[in-house]
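Participant: Fold the following, please.
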Amino acid sequence: MVKRRGFPSEGEVVLVTVKNITPYSALCALNEYPGKEGMIHVSEVSGKWVRDIRKFVKQDKQYVAKVMRVDERKGHINLSLKRVPKKVKEKKIQDFKKEERAEKMLGVMGEKLKMNLEEVYEKIGYELQEIFGDMFIAFEYALENPDILKRRGIDEKYVKLMVEIAKENIQRHSAAKTCATNL
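Facilitator: This next block holds a predicted model:
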């Protein structure tokens, strides 16, 4: 599961899984933020009048939500489903799938460095997210222009490994996509 540090920022779009439903809210786990939970108030579920929240959200189902408010001190995160346009939902799901691919590549890095996934996240994964916004973009840079990674302060041993892994994984995917398009 793709992981991020800390709390999400207000206005961020996140992937959530509904864990519990009450008559007036849905309590959700934030998929990218381990251990963080948020709440969707019944008034933020739909633009329509909601008589029964259970007709709009289902337990254990994933949704794309917008972060409305964050109180780090109390650990409260308020979310909204109704404020996420359809195109934004689709883009979030697409971006999340790319990040899952990047996490698999990060896992391969971990194997080659003899580290588990958590260790490789701490050594390089979170840093890539902070510098580039997400890890997949960093792997694309490794493939297209690795000097960008070096200029941003990424250790050369990691850059070399990222280039090797990106060549094995990203080009193969692009070639398969090109073949499918030409059929």
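
Participant: Can you list the low-confidence ranges for the protein?
Facilitator: Flagging of the chain using pLDDT under 70 yields the residue ranges 171-183.

Participant: hey, where'd the strands end up in it?
Facilitator: 13-22, 25-30, 37-41, 62-71, 76-80 (DSSP state E).

Participant: now the last one: how far from the chain's centre is it?
Facilitator: Average the C-alpha atoms of strand 76-80, do the same for its chain, and the two points are 17 Å apart (C-alpha atoms, centre = their mean, to the nearest Å).

Participant: try the fourth one
Facilitator: If you compare the mean C-alpha spot of strand 62-71 with that of the full chain, they lie 13 Å apart, counting by C-alpha atoms, centre = their mean.

Participant: Quick one: work out the angle between it and strand 37-41.
Facilitator: 100 degrees (axes from the mean of the first three to the mean of the last three C-alpha atoms, to 10 degrees).

Participant: Kindly report the same for the first one.
Facilitator: For strand 13-22 and strand 37-41, the angle between their directions (the same axes, to 10 degrees) works out to 70 degrees.

Participant: quick one: contacts of strand 13-22?
Facilitator: 8, 26-33, 37-38, 40, 53-54, 57-67, 79, 84, 88-89, 92-93, 96 (C-beta atoms under 8 Å, 6 or more residues apart in numbering). Every residue, glycine included, has its C-beta placed from N, CA and C.

Participant: List the neighbouring strands of it plus their orientation.
Facilitator: Strand pairing for strand 13-22, determined by DSSP bridges: strand 25-30 (antiparallel), strand 62-71 (antiparallel).

Participant: Hey, what's the angle from the shortest one to strand 76-80? Just curious.
Facilitator: If I follow you right, that is strand 25-30. Using the same axes, to 10 degrees: strand 25-30 against strand 76-80 is 110 degrees.

Participant: any idea how far strand 25-30 is from the chain center?
Facilitator: With C-alpha atoms, centre = their mean, you get 17 Å for strand 25-30.

Participant: what sits up against that strand?
Facilitator: 8, 14-21, 36-42, 45, 53, 57, 63, 65, 77, 79.

Participant: Which among those count as buried?
Facilitator: Among these, those scoring as buried are 8, 14-16, 18, 21, 36-40, 42, 45, 53, 57, 63, 65, 77, 79 (criterion: 16 or more other C-beta atoms under 10 Å).

Participant: how far does stretch 110-129 sit from the chain's center?
Facilitator: 16 Å.

Participant: Thanks a lot, see you next time.
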